[in-house]
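In: Predicted model and sequence below, questions to follow.
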Amino acid sequence: MARRKSSGFWETVRTVVYAVLIALVVRTVAFEPFNIPSGSMVPSLLIGDYLFVSKYSYGYSRHSLPFSVPLFDGRLLFTEPERGDVAVFKLPRDNRTDYIKRIIGLPGDRIRLERGVVYLNGEPVMRQRIEDYRERIPEANGYAIAQFIETLPNGRAYRVIEFTEGGGLDDTQEYVVPADHYFALGDNRDNSQDSRVANGVGFIPRENLVGRAEVLFFSVNGEAHIWEVWKWPRAIRLGRLFLKVV
């Protein structure tokens, strides 16, 4: 009887170990879940969104591994990001913190902003004014925010918001993206620390790319604690479930 109980215990341990190993492999080579803690990517991504990031999109670096274990340098099976991709990367200044922004500039590109308009290699990126953004976000204080559809030269289109066209990061110097680096912006242009801030994010090294944001699988608005089951129907953003990230 004791031997049978011991055998059952070790069978359970073995099953748990296998499950953990499978989860680690999937997380490393296929998909990893991330959540959005800030409003820098509004209106595309909201605080409380949960999404899957494809780890295979740009190939693999040490940052694809749990805890960024330095088993190798550079990237394996590398595929170049496309302009407009929403990418997760490790913050260059610490190589630990996960950031998510939109890739605007590729190696060799020249980028500057003038009154909020992005100039890419000397040409203004097309931007069309649409209806105001009226969703509740802390920095808006209830006011409507100017919203635009921005379309990159490769046809990728997405929404951005601007509180003002005269903000501190709406007029910039010209940035020249170094080899093996990328330039990224937040869609909430006046409330995003991104590649415009050299000592904040700056240029993103190729090795620091973690993956491309693919799909939202859950979203909550923060109006309910986990134990407040009766508030869940109001707190879950049902309309955002299983949306493709664009």
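Out: That came through, no problem.

In: Let me know the distance separating Lys231 from Tyr133.
Out: From Lys231 over to Tyr133 the distance is 25 Å, taken as Cβ to Cβ, to the nearest Å. Backbone N, C-alpha and C define where each C-beta goes, glycine included.

In: Longest strand in this structure, by number of residues?
Out: Counting by DSSP state E, the longest strand found in the chain is strand 209-219.

In: Mind giving me the packing neighbours of that strand?
Out: With contacts defined as 3 or more Cβ pairs under 8 Å, 6 or more residues apart in numbering; DSSP states H and E, strand 209-219 has these neighbours: strand 31-35, strand 49-54, strand 86-90.

In: Put together JSON lines for the ones you listed, with mean neighbour count, mean pLDDT and distance to Thr97 on each row.
Out: Formatted as JSON lines, the helices and strands packed on strand 209-219 follow (neighbours: other Cβ atoms under 10 Å; pLDDT from 0 to 100; distance: least, Cβ to Cβ, whole Å):
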{"stretch": "strand 31-35", "mean neighbour count": "16", "mean pLDDT": "92", "distance to Thr97": "12"}
{"stretch": "strand 49-54", "mean neighbour count": "20", "mean pLDDT": "96", "distance to Thr97": "15"}
{"stretch": "strand 86-90", "mean neighbour count": "23", "mean pLDDT": "97", "distance to Thr97": "7"}
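
In: got a markdown table for the ones you listed, with distance to Ala144 too?
Out: Listed next are the helices and strands packed on strand 209-219 as a markdown table, based on distance: least, Cβ to Cβ, whole Å:
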| stretch | distance to Ala144 |
| --- | --- |
| strand 31-35 | 27 |
| strand 49-54 | 22 |
| strand 86-90 | 24 |
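
In: closest one to Leu209 among the ones you listed?
Out: Leu209 lies closest to strand 86-90 among the helices and strands packed on strand 209-219, at 5.1 Å (Cβ to Cβ).

In: sorry, back to before: what mean pLDDT does the longest strand of the chain get?
Out: Confidence over strand 209-219 (mean pLDDT, whole number) is 96.

In: can you tell me which residues contact the nearest residue to Val88 once chain neighbours are set aside?
Out: Among residues not flanking Val88 along the chain, Val210 sits closest, at 4.3 Å (Cβ to Cβ, 6 or more residues apart in numbering). For Val210, the contacting residues are Glu32, Val53, Lys55, His63, Ser64, Ala87, Val88, Phe89, Lys90, Asp98, by Cβ atoms under 8 Å, 6 or more residues apart in numbering.

In: again, but for Ala224
Out: The neighbourhood of Ala224, defined by Cβ under 8 Å, 6+ apart, consists of Lys231, Trp232, Arg234, Ala235.

In: which stretches of this protein form strands?
Out: For the chain, strands defined by DSSP E occupy the ranges 31-35, 49-54, 86-90, 98-105, 110-114, 117-120, 123-124, 126-133, 145-151, 157-162, 175-176, 181-185, 204-205, 209-219.

In: which other residues reach the second one?
Out: Contacting residues not belonging to strand 49-54 are listed as 30-36, 45, 88, 210-219, 240, 245 [Cβ under 8 Å, 6+ apart].

In: same thing but 7 Å
Out: By Cβ atoms under 7 Å, 6 or more residues apart in numbering, the residues outside strand 49-54 that reach it are 31-36, 88, 210-219, 240, 245.

In: before we move on, what about the first one?
Out: Strand 31-35 is contacted from outside by Asp49, Tyr50, Leu51, Phe52, Val53, Ser54, Lys55, Val88, Asp98, Ile100, Gly211, using Cβ under 7 Å, 6+ apart.
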